[in-house]
Each structure stands twice: as structure tokens, then as C-alpha cells.
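In: compute the structure for the input listed below.
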Amino acid sequence: MNIWKYVHNGQTFGPVEIEQLQRLVDSGMLTRESLLQKEGSTEWVPAHSLPELNFPAAGTPPSPPVTAFSSAAPPPISDKTPDLEDVEKNKIFAILAYIGLLFIVPLLAAPNSKFARYHANQGIVLFLATVILLAGSMVLMMIPIVGCVMWIAPFVIVAGAIVLMVLGIINAAAGQCKPLPLIGQFNLLK
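Out: Reported below is the predicted structural model:
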């Protein structure tokens, strides 16, 4: 995998993939002289030394900066790059958002972070969906004939919730704003 760190305004950011570096170049955030370090290396190299990066011709104005959220709904999908400074500051809060009631932590600790708020929304939706489905399966288990089949439903629901929780944690740890499968399109937080 082609994973890099980069320096912007004297601070180190990353890890990012080469595609994200190209978006940073396109937005004007990285210049030809910006320093990059490949994962596993101790050497910093100027961005122009990477043949994979395409820099605009001299005098070409940069594209508008890439942001975590566009004004359109639903929440951003995988090809949107979140604000990397926001990601680095609030990654741990975004990860915690998927662990049960801990979705409250990013709302309290990082209320102005779009990245943490996005993952808090995903965590809330996951938590509510799990509780509602478990409650519904418990009610169905009380029906005599249906209950014989429904005894397995809570196990399936919990297993599915764990899978979605792990996916959400992986996305948050990677600094991505990918919606969760099945439930990711719901937006409870404005």
C-alpha cells in the first residue's frame, strides 16, 4: 500500500494514500516543495519527486479546498476527503462514537468537529437500530408459533451490530467518512 505522511504549516499529518495527496495538491494545500514521508521510511522527500502526483502548471489557480461535508445530503461518501486537521484532532472521539452509548462523547468533547459529528451520527443510528430490532425480536419471541423461529434473531442482530461497529471504527480510524451499510443514509444530527 502507498501510505504517506505530509507536512502542512509546520505540522505533520497522515497517514494518507496517494489519491488523498493528489486531492491536496489539486486544492493547493500541498505544493511542489511540501515534504512527504513514505510509511516505513525515515526520509522526507519533496512532493515533486513523486511521479504519481500531478501538479498544476505555473500560474494555474488551485481548486477550492476539499472539505469533509458538502451542502448536499446525504452525508459524505468514501470519495470525499474530510478536513485532515479535524480528523487528526478528533479521530479518537469518532472511534468511540461506535461503542454503545459512547456516541455521546464526541458530541460533548468535540461539538464543532464535522468529522466527529459525522461518526457520532453513525453511532447513534447504529445504537438505535440495534435497540429497536432487539426489542422487536423480543416481542415477536413471545408469540407462540413465531417465537420458536425468532429465538435466533437476537444473536443475528447483535452479530450484525458488531460487524457494523467494527466497520465504523475502521472508517473512523482511517479518517474516512463512509456511511455504514444499510443504516448509513440516516442523518439524525444536523
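In: only C-alpha atoms from now on, for both contacts and neighbour counts.
Out: Fine.
In: distance of residue 103 from residue 13?
Out: 25 Å (C-alpha to C-alpha, to the nearest Å).
In: before we move on, what about residue 117?
Out: As judged by C-alpha to C-alpha, residue 117 and residue 13 stand 20 Å apart.
In: for the helix ranked longest in the chain, packing partners?
Out: For the chain, the longest helix by residue count, based on DSSP state H, is helix 114-141. Judged by 3 or more C-alpha pairs under 8 Å, 6 or more residues apart in numbering; DSSP states H and E, helix 114-141 is in contact with helix 84-96, helix 104-109, helix 144-150, helix 153-173.
In: and the last one, how far out from the chain middle?
Out: Spelled out, that is helix 153-173. Mean-position distance between helix 153-173 and its chain equals 15 Å (C-alpha atoms, centre = their mean, to the nearest Å).
In: repeat that for stretch 143-151.
Out: 39 Å.
In: isn't residue 7 right next to residue 36, touching?
Out: Yes. The criterion here is C-alpha atoms under 8 Å, and residue 7 meets it with residue 36 at 6.7 Å.
In: now do the SS call for residue 6.
Out: Here residue 6 is recorded as strand under DSSP: H, G, I helix; E, B strand; the rest coil.
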